[in-house]
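Visitor: Quick one: sequence plus predicted model below, questions after.
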Amino acid sequence: MMNTCSSTATTMQLARPVLRLTRETATFPVVALPTRPGALPIEVTLLARLGRGAGTGLCRGMMARQGQHRRFIDALDEPSAKLGGSDFAKGDATALYSFGVGQGGHPFHRHAGHRVFTAVSGSAGAQLRFSSATPDEIAHDPAAFVRALRHVDVPPDCLFTVRFSGENWHQFVPGVPGAGHPAFFALSTHTNELGGALSDALRQRVLQDEGDIPSLTELLPDAVQALLASAPAQARQVPTTVLSLGERPGGWLAAACGHYRALAGRVGHVLAGLLAPLQGGGYVSELRPSRVQEQPGLPASSLLRQALAGQRLHHKDCFTLVVPAPSPSAGAVPDAAALLAGLLGSFLVHRHPGVSRMMAVRNAVVRPLGLRRSPLACPVSSLQPPIAGQVMDPDSLRFAGRYPVHASLVAADGRSAQVLLGADDKHLAFRSCVGVRCLDDGRVEYSLATRVACRNAFGRLYMALIERTHRRYIAPHLLQVAVEGMEVRAR
């Protein structure tokens, strides 16, 4: 009789209809799953919907980049990389990981510490499976694990967050098994890498920043794994929360959208593979505050004051950069002339790549017009030996026996030096003054000032087109890169 009742109860349980209770929200859809009395809930929150089919491409792309990371590890069907380690000496117990869950999902497991991660779901969505059964409950009755199961369905192509305590068992799989889409890719924060009950050996590994996701993972006991293998939990038997953005769960629109996103994800992944050879790798670009200052006028002693005398000027600028003094030997007198020679040489060797690209385009455009060409920008282009077809004035002065200049001036005390550069062309003439001045406080001021006189209407149009770029980009970058090149060489 008892066996009959038990069988009947099981049959009734399997036959129970699914009741869908849906509520709408104006903010982020979220579910907080209760766990054990006094324990933190499991929280899943949807943040945003990505473009149709974008999730799979993003996941696969990030997994590929993750695989190139120096701290990449592939284990437990959960490839991961440690992006940021802990520093317990400085009071930082956190750690940052990336990890991916592919199209086969991964096995049930748990961690000792608290976890918070943000993820992008693949184009078939993801199912997050949790069980809050304790080890004691499982040891007494392995079926307690199944009774404590809760599922959360995350839609395709979605940005979402998950937060849960480490004692909860969890398994993540694609929303549609066999659809060929990854479940998701995530950035995971371990709020305390030493959290939970760790063995002495594992604790020492973590303290030395040698922990990783596999070493901090505990798999299900064999008895529960055997139970799940012999009688897998039916999805309709497990309480499930379906989160959604845009389409009401269970409707025809949600189903149609799911099919469309899965198809778009597959097509997009194929196209991304075809276009991959045309795409570059990653880049790291530093934006540093410029140390160059624009001055309102020229110093009284500047050689540039007498340059282009009597001609109407169409452009004037003056930039300075002050740096700490070099490290001379005790009692040595600052040598501004030597520093100026070093700066002129640095203009030739240390070139800003953006300015060089601009000059390459400019040279190609003006070549048919027969204008003067140089790989260096106008303020210092006369330092460059002439290219084919251009002749250098044999009577030009040479500063430091090497650099062609119109004039030079070195103070008697050796604390300042300057040279006058420049060239005349069909459309304009320019003169630039490059100077070095040793300040009383031991610092060194480098300067670059320019004047331009246009010779015809084309010259005026040319200056109108480039004046803003010259003032805001070319001249200050020329000076900063040249001075920084000198600093690197002096180290």
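Guide: Arrived safely, thanks for sending. Numbering: from 1, shown residues only.
Visitor: Stretch 87-102 spans what distance, first to last residue?
Guide: End-to-end distance of stretch 87-102: 31 Å, with C-alpha to C-alpha, to the nearest Å as the criterion.
Visitor: List the buried residues of it.
Guide: Neighbour counts over stretch 87-102 (16 or more other C-beta atoms under 10 Å) mark 93, 95, 97-102 as buried. C-beta: built from backbone N, CA, C; applies to glycine.
Visitor: which one of those is nearest residue 433?
Guide: Taking C-beta to C-beta as the measure, residue 433 sits nearest to residue 98 out of those, at 53.0 Å.
Visitor: from memory that closest one sits against residue 81, does it?
Guide: Yes. Judged on C-beta atoms under 8 Å, residue 98 makes contact with residue 81 at a distance of 5.0 Å.
Visitor: what is in contact with these two at once?
Guide: Common contacts of residue 98 and residue 81, defined by C-beta atoms under 8 Å, 6 or more residues apart in numbering, comprise 66, 69.
Visitor: quick one, helices of the protein?
Guide: Taking DSSP state H as the criterion, the chain carries its helices at 2-15, 54-66, 135-140, 143-147, 200-207, 222-230, 252-275, 336-349, 353-366, 457-469, 475-490.
Visitor: And these, which one averages the lowest pLDDT?
Guide: Note on the helices of the chain: helix 2-15 shows the lowest mean pLDDT, a mean of 34.
Visitor: contacting residues for residue 186?
Guide: 98-101, 117-120, 162.
Visitor: nearest to residue 29, of the residues you listed?
Guide: Nearest to residue 29 among those: residue 162, at 13.2 Å, using C-beta to C-beta.
Visitor: State the distance from the closest one to residue 194.
Guide: Separation of residue 162 from residue 194 (C-beta to C-beta, to the nearest Å): 21 Å.
Visitor: These two: which has the busier surroundings?
Guide: Between residue 162 and residue 194, residue 162 has the larger neighbour count (other C-beta atoms under 10 Å), namely 22 against 17.
Visitor: Which strand residues bridge the more buried one?
Guide: Taking DSSP bridges as the rule, residue 162 bridges to residue 44, residue 117.
Visitor: contacting residues for residue 129?
Guide: By C-beta under 8 Å, 6+ apart, residue 129 lies in contact with 108, 149-151, 170-173, 238.
Visitor: Below-threshold pLDDT in the stretch 151-300 of the chain: ranges please.
Guide: Along the stretch 151-300 of the chain, the parts satisfying pLDDT under 70 run over 233-236, 250-289.
Visitor: tell me the strands in it, going along the chain?
Guide: Ranges of strands within the stretch 151-300 of the chain are 158-164, 169-174, 184-190, 217-219, 240-242, 293-294, based on DSSP state E, counting those that start in this stretch.
Visitor: Export these to a markdown table and append columns for distance to residue 412.
Guide: Shown next, in a markdown table, are the strands of the stretch 151-300 of the chain (distance: least, C-beta to C-beta, whole Å):
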| stretch | distance to residue 412 |
| --- | --- |
| strand 158-164 | 69 |
| strand 169-174 | 78 |
| strand 184-190 | 64 |
| strand 217-219 | 76 |
| strand 240-242 | 85 |
| strand 293-294 | 28 |
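Visitor: Quick check: which of those strands is nearest to residue 370?
Guide: Closest to residue 370 of those, according to C-beta to C-beta: strand 293-294, at 32.9 Å.
Visitor: Give me the residues contacting that closest one.
Guide: By C-beta under 8 Å, 6+ apart, strand 293-294 touches 317-322, 471, 476.
Visitor: Between the residues you listed, which sits nearest residue 443?
Guide: residue 322 (5.3 Å).
Visitor: Distance of residue 248 relative to residue 23?
Guide: Residue 248 sits 11 Å away from residue 23, going by C-beta to C-beta.
Visitor: which one of these two has more residues nearby?
Guide: Using other C-beta under 10 Å, the more surrounded residue of residue 248 and residue 23 is residue 248, with 13 against 5.
Visitor: My read is that that one contacts residue 22, right?
Guide: Yes. Between residue 248 and residue 22 a contact is recorded at 6.4 Å, counting by C-beta under 8 Å.
Visitor: To what extent is residue 485 buried, counted in neighbours?
Guide: Residue 485: 19 surrounding residues under other C-beta under 10 Å.
Visitor: And the pLDDT at the nearest residue to it once chain neighbours are set aside?
Guide: Sequence neighbours aside, residue 350 is the residue nearest to residue 485 in space, at 3.0 Å (criterion: C-beta to C-beta, 6 or more residues apart in numbering). Turning to residue 350, the model gives it a pLDDT of 88.
Visitor: per-residue pLDDT, the nearest residue to residue 337 once chain neighbours are set aside?
Guide: Distances taken as C-beta to C-beta, 6+ apart place residue 417 nearest to residue 337, at 4.4 Å, with adjacent residues excluded. We have a pLDDT of 94 for residue 417.
Visitor: about what we covered before: need the contacts of residue 129 in TSV with distance to residue 219, can you?
Guide: Listed next are those as TSV, based on distance: C-beta to C-beta, whole Å:
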residue	distance to residue 219
108	7
149	17
150	20
151	20
170	12
171	11
172	14
173	16
238	20
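Visitor: any idea which of those residues has the most stuff around it?
Guide: The most neighbours of any of these, using other C-beta under 10 Å, belong to residue 172, which has 25 neighbours.
Visitor: wait, doesn't that one sit right on residue 185?
Guide: No. Assessed by C-beta under 8 Å, residue 172 is found out of contact with residue 185, at 11.0 Å.
Visitor: which neighbours do those two share?
Guide: Residues touching both residue 172 and residue 185 (C-beta under 8 Å, 6+ apart) are residue 101.
Visitor: and the residue nearest to residue 485, how many neighbours?
Guide: Residue 350 has 17 neighbours, counted by other C-beta under 10 Å.
Visitor: and if you look at residue 139?
Guide: Each residue near residue 139 was counted by other C-beta under 10 Å, and the total is 12.
Visitor: can you pull the contacts of it?
Guide: Counting by C-beta under 8 Å, 6+ apart, residue 139 makes contact with residue 221.
Visitor: rerun that using 10 Å as the cut-off
Guide: Under the criterion of C-beta atoms under 10 Å, 6 or more residues apart in numbering, the neighbours of residue 139 are 221, 223-224.
Visitor: got it, and residue 358?
Guide: The contact partners of residue 358, by C-beta under 10 Å, 6+ apart, come to 352, 377, 466, 469-470, 473-474.
Visitor: and if you look at residue 348?
Guide: Residue 348 sits next to 375-376, 380, 383-385, 402-403, 482, 485 when contact means C-beta under 10 Å, 6+ apart.
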